[in-house]
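Trainee: Any chance you can model this:
(one chain, ligands or ions: 1)
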Amino acid sequence: MSKVVIFLGPAGAGKGTQAKRLAKELNMVQLSTGDMLRDHMARGTELGQQIKAIQNSGQLVSDDIVVALIRDKLSVMDDVRVIFDGFPRTVTQAQALDMLLEELSAPISSVPVLDVPEDILRLRLTKRAEIEKRADDTPQGIEKRLELYRKETSALIPYYEPRGHLYRIDGLGAPEEVYARLKAVI
Ligand code: AMP
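Mentor: Take a look at the predicted model:
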């Protein structure tokens, strides 16, 4: 049976970590547009070269590009059991996703929002920069991504809220604790 979960939350909130674990436990597929784009850059594809400077500076890649990546993934699925991680990030992307899901008769099951204060996000992302060496975890890249979440992506909260399946989750504490809170609402 289809199941669609959309993870919202700024960079460093723990979306990737939580989405991976949840996907495994619920037999779902995690779709991270950030991972897909990094994979294109690592392989040096035409798309990878095209988006490299944008992604590395923490800006948003165009809606058309990310929607096409998601459309391709969904089009080969028989049963849509998906956790979206880092998509959608704009209202335009959310509208495109609504259309894709309608075509597939796969309604949204829940939209968890991981809430973490910005000062903690900065600390987490700075720490991650030392370990993962992601090209966009520079001080400027971090600020840009936090700003874009505030200005663009947070508009998705009032977009999904009236539908009644948006859950605010305290993203502070150990991954285990956050996961327990998440499981309680999903
Ligand atoms: P993430 O791994 O989700 O933190 O994404 C890393 C970067 O990839 C973002 O800062 C953007 O440059 C790009 N990106 C990932 N997902 C999207 C999206 N849905 N829309 C636009 N850009 C994206």
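
Trainee: Enumerate every residue touching the residue in the chain that the ligand sits nearest to.
Mentor: Of all residues in the chain, Gly34 sits closest to the ligand, at 1.9 Å by C-beta to the nearest ligand atom. (Glycine included, C-beta is placed from N, CA and C.) Contacts for Gly34 (C-beta atoms under 8 Å, 6 or more residues apart in numbering) come out as Gly16, Asp85, Gly86.

Trainee: so which of those residues comes closest to Glu46?
Mentor: Gly86 (21.8 Å; C-beta to C-beta).

Trainee: quick revisit: what's the helix or strand for the residue of the chain closest to the ligand?
Mentor: helix 33-43 (DSSP states H and E).

Trainee: helix or strand right after that helix?
Mentor: helix 46-56.

Trainee: for the chain, what helix or strand is lowest in average pLDDT?
Mentor: The helix or strand of the chain with the lowest confidence, counting by mean pLDDT, DSSP states H and E, is helix 118-132 at a mean of 93.

Trainee: Now the element after it, going C-ward?
Mentor: For helix 118-132, the following helix or strand on the C-terminal side (DSSP H and E) is helix 139-151.

Trainee: in that next one, what counts as buried?
Mentor: Using 16 or more other C-beta atoms under 10 Å as the test for burial, helix 139-151 gives Gly141, Ile142, Lys144, Arg145, Leu146, Leu148, Tyr149.

Trainee: which residues does the last one contact?
Mentor: Translated: Tyr149. Listed by C-beta under 8 Å, 6+ apart, the contact set of Tyr149 reads Pro10, Ala11.

Trainee: That concludes my questions; thank you for your assistance.
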